[in-house]
Every structure is written in structure tokens, then in C-alpha cells.
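Asker: structure of the sequence below:
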Amino acid sequence: MFSISAVPCFNDNYIWVLQQSREAIAVDPGDAAPLLAHLERKGLTLTAILITHRHSDHIGGLPALAEHFAIPVYGPGSIPGVTHPVHAGNSLALLDSTIQVLASPGHTHEHVSYLACDTLFCGDTLFGAGCGRVFDGNMADMYASLMRLATLPAETLVCCAHEYTQSNLQFAAAVEPQNDAIASRISDTLTKRAVGQPTVPSTMGLERATNPFLRCNQPDVIAAARQLTPEASTPVEIFTTLRNWKNHFK
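Answerer: Residues are numbered from 1 along each chain as shown. Modelled structure (predicted):
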């Protein structure tokens, strides 16, 4: 069984590192330098890379890493630097584990996530108490992706690629001000951030209880969305209203 580490990158990115013995896999290495430093500090050898989508803060480290390691890079085939294209339904045998490839389009049209045992690496699809913006995907695909991930067991660890939980919870509290689980999570998050601890991974159970984008069928969430879009009725319409609201929320 592997262990996981969150390697900080840029202002708020995380490169996830899966480690078993002295071997390691990196997920979304946007910058090579912090990853290389982590590998050296831990005495690890990088044996594979997993890519969720094409944005530069997720793939920017690939050229430099290719100078150090001749290893497979798994990800959507249209992404520069990917050597082993993957598709939804594929299974990868890495670190004595089976890693499943899940389709999660919406943030980008080709976005994938990786499920390794009980741990989900979801890139920019699902965040702590939030979700990614919709760029070259579409709202219906993004909502479908979130609902697909939300069916995973409650104990599933959710390893997203950004430290956005605190700001996302501010929005979640605006959507559901009476949600006690959100208030409790805000307190826990503030405690962690005050001492520089990451707020992720979270769990799917916690996300289902506190993440408004997974709660588009809840009466209070529907009511909040209809304050902005009275005609919103379907879950996708509720989700679209929330996502547009979050885009401009301060």
C-alpha cells in the first residue's frame, strides 16, 4: 500500500506524490523544482507521472522532469508530454495497486481523475468545498462529473490540486448559512491554515455534507440559487447558477 504527500507548488497548487518503499508517482507536476526537492529529501525515485488536464500549472514541470527520468507520463493523449494516453475505464498497474481512470470533463473537455484504492486524485474538477471553473468544457458535463465522483464511498480521500478550501467555504456559508457541517468545517479549516497545514485531503462524505456543488438537490441550495435565477429548476440549472455566482463571489 502506498502513502501520499502533498507537495506545495506555486501559490496554492499541490503536487500529489504516491510513495511505496523508495518508488514514487507524481500527480500534476506543474513545477519540477519542488517535486525534485521532495524526491531528494525523501530518497525517492520517480517511476511514473499522472496528468489530469492540460493547464500549465499541472504540466509545466514535465520538460524538466523528462531530463531527469525516462518514465511513462499518463494522461489525456492530446496533452504535450503525455507518453501513455489514457481513457475513462482504463486501469493502470502502478505501485502494486490498480489505479482507475475516471472521466471528469467540465473544467476542461478532456479532464480525467484517478482513483487509487480509496484515494481520488481529481485535479481541478472537485475542490475542498468547491469545484473548478468551467473553461473549455460545459456546465452539464461538469455537473455530471461531480455527480459521478460523488457516488464514491464516504471514506474516499479527495486529493484536489489547489488550496482553495477556506475561500470556498465562505461561499458555501453564503449558500447555506444554516448548515452546521459547513460552520464546523470553517472552524477546522481556520485552525489548520493558522499553522500552515493543508486542508486536503478531505473525504467524499465531508464534501457531500458541505460542498454546495454536490448539494444541488437540497432545498436550501435550490432556494439560494433561485434568488438569482428564479426560473432555475433542474439540478444542472441550479449548478450553473451557483457556478456563475461563485465566479463573481467576494
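
Asker: how far does the longest helix seen in the chain sit from the chain's center?
Answerer: Counting residues, the longest helix in the chain under DSSP state H turns out to be helix 180-194. Offset of helix 180-194 from its chain centre (Cα atoms, centre = their mean, to the nearest Å): 19 Å.

Asker: neighbouring strands - and their directions - for the next helix or strand after it?
Answerer: Remark: after helix 180-194, the chain's next helix or strand is strand 202-203, criterion DSSP states H and E. In the sheet, strand 202-203 lines up against strand 157-160 (antiparallel) (DSSP bridges).

Asker: just to revisit the earlier point, for the longest helix of the chain, which positions count as buried?
Answerer: 182-183, 185-186, 189 (16 or more other Cβ atoms under 10 Å). For glycine as for every other residue, the C-beta is placed from the backbone atoms N, C-alpha and C.

Asker: what's the answer for stretch 126-143, then?
Answerer: 126-132, 134-135, 137, 139-143.

Asker: now swap in stretch 93-109 and tell me
Answerer: 94-95, 99, 101-108.

Asker: nearest to Leu157, of these?
Answerer: Nearest to Leu157, judged by Cβ to Cβ, of these is Ile99 at 13.6 Å.

Asker: helix/strand/coil for the closest one?
Answerer: Under the three-state scheme (DSSP: H, G, I helix; E, B strand; the rest coil), Ile99 adopts strand.

Asker: ok, it touching Leu115?
Answerer: Yes - assessed by Cβ atoms under 8 Å, Ile99 is found in contact with Leu115 at 6.9 Å.

Asker: who's in contact with whatever helix or strand Gln170 lives in?
Answerer: Remark: Gln170 resides in helix 165-175, with elements defined by DSSP H and E. Outside helix 165-175, the residues within contact range by Cβ atoms under 8 Å, 6 or more residues apart in numbering are 127-130, 179, 182-183, 185-186, 189-190, 193, 199-200, 202, 210-212, 220-221, 224-225, 242, 245-246, 249.

Asker: ok, Ser184 to Ser167 distance?
Answerer: 17 Å (Cβ to Cβ, to the nearest Å).

Asker: centroid-nearest residue for the protein?
Answerer: Cys160 (2.7 Å; Cα atoms, centre = their mean).

Asker: OK, contacts around the residue nearest to Ala64 when sequence neighbours are not counted?
Answerer: Spatially, and ignoring its direct neighbours in sequence, Ala64 is nearest to Ala32 (3.6 Å; Cβ to Cβ, 6 or more residues apart in numbering). Each residue near Ala32 by Cβ under 8 Å, 6+ apart is listed here: 61-62, 64-65, 68.

Asker: same thing with Phe249?
Answerer: 170-171, 174.

Asker: could you do Arg208 as well?
Answerer: Contacts of Arg208 (Cβ under 8 Å, 6+ apart): 150, 154, 214-215.

Asker: how about the strands of the chain, start to end?
Answerer: Assigned by DSSP state E, the chain shows strands spanning 3-9, 13-20, 23-27, 45-50, 73-75, 84-85, 91-94, 97-103, 112-116, 119-123, 126-127, 130-131, 157-160, 202-203.

Asker: relative to Ser56, which of those strands is closest?
Answerer: Once those are compared by Cβ to Cβ, strand 13-20 is nearest, at 10.7 Å.
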